[in-house]
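[1] Compute the structure for the input listed below.
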Amino acid sequence: MQFGGGGADASGIEPEDEMPLPAALSDTELSAGELVDVITHCASITSAASYRLLTAASLLHEERELDYHLRRTELRDGQASSEDELHRRAADAAAGIDPYAEFGPDGFDQATTELGAALMIPAAQARDLIRTGDVLRYRLMLTGNTLACGRIDQRRFTIAMKRTDYVSD
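    From the prediction side, this is the model:
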């Protein structure tokens, strides 16, 4: 049956054989062992989704950083053509001249804004997701794979991340 209650599709032709949806098995009819299986399956799916979200947040940050640097290099290549220009740039940097005025927000700020808007979360939480995604991709890859496989959850990954923040490679 089509949405709206009518049996005909947009072309006005009646569907011949519609596949009925299988009746969902109620959780109240499951045994305790089956309920434990459902719980562990849902937890592993949630962990895998967390891994994907964190990876996507990190990739978004990387993409926005590349766009930002491309915008900056279109106007300047970073090389001073003379000694006077080098001194002027050094004086500008010492004076605290803000690159936002000329180039707008950097890639991290752009990614934070986009992620926060997409997930309807505050900027601080979006920044944490991006940083956690960066750690997942670059510093704790094996632990990240454990998250992707559903063996740990995002909270445990975050604990591992914070406990290894000051450990040198």
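[2] where does this protein have low pLDDT?
    1-25, 77-78, 98-101, 169 (pLDDT under 70).
[3] Show me which helix runs longest in it.
    Assignment by DSSP state H gives helix 32-75 as the longest helix of the chain.
[4] my read: Gln110 touches Arg64, true?
    Yes - between Gln110 and Arg64 a contact is recorded at 4.3 Å, counting by Cβ atoms under 8 Å. Yep, even glycine has a C-beta here, placed from its N, CA and C like the rest.
[5] who's more crowded, the two?
    Arg64 (22 against 18; other Cβ atoms under 10 Å).
[6] Enumerate every residue touching that one.
    Gly107, Phe108, Gln110, Ala111, Glu114 (Cβ atoms under 8 Å, 6 or more residues apart in numbering).
[7] can you tell me how far the fourth one sits from Ala94?
    As judged by Cβ to Cβ, to the nearest Å, Ala111 and Ala94 stand 29 Å apart.
[8] repeat for the last one
    Summarising the geometry, the distance separating Glu114 from Ala94, computed by Cβ to Cβ, is 32 Å.
[9] Look at the two and report which has more neighbours.
    More crowded of Glu114 and Ala94, by other Cβ under 10 Å: Glu114, with 16 against 8.
[10] Touching, the more buried one and Glu63? I think so.
    No - the criterion here is Cβ under 8 Å, and Glu114 misses it with Glu63 at 9.9 Å.
[11] Need the residues touching each of the two.
    By Cβ under 8 Å, 6+ apart, no residue touches both Glu114 and Glu63.
[12] Which positions in stretch 157-169 come out as buried?
    Phe157, Thr158, Ala160, Met161 (16 or more other Cβ atoms under 10 Å).
[13] can you check stretch 50-65 too?
    Residues of stretch 50-65 classed as buried by neighbour count (16+ other Cβ under 10 Å): Ser50, Tyr51, Leu53, Leu54, Thr55, Ala57, Ser58, Leu60, His61, Glu62, Arg64.
[14] and if you look at stretch 61-77?
    His61, Glu62, Arg64, Tyr68, Arg72.
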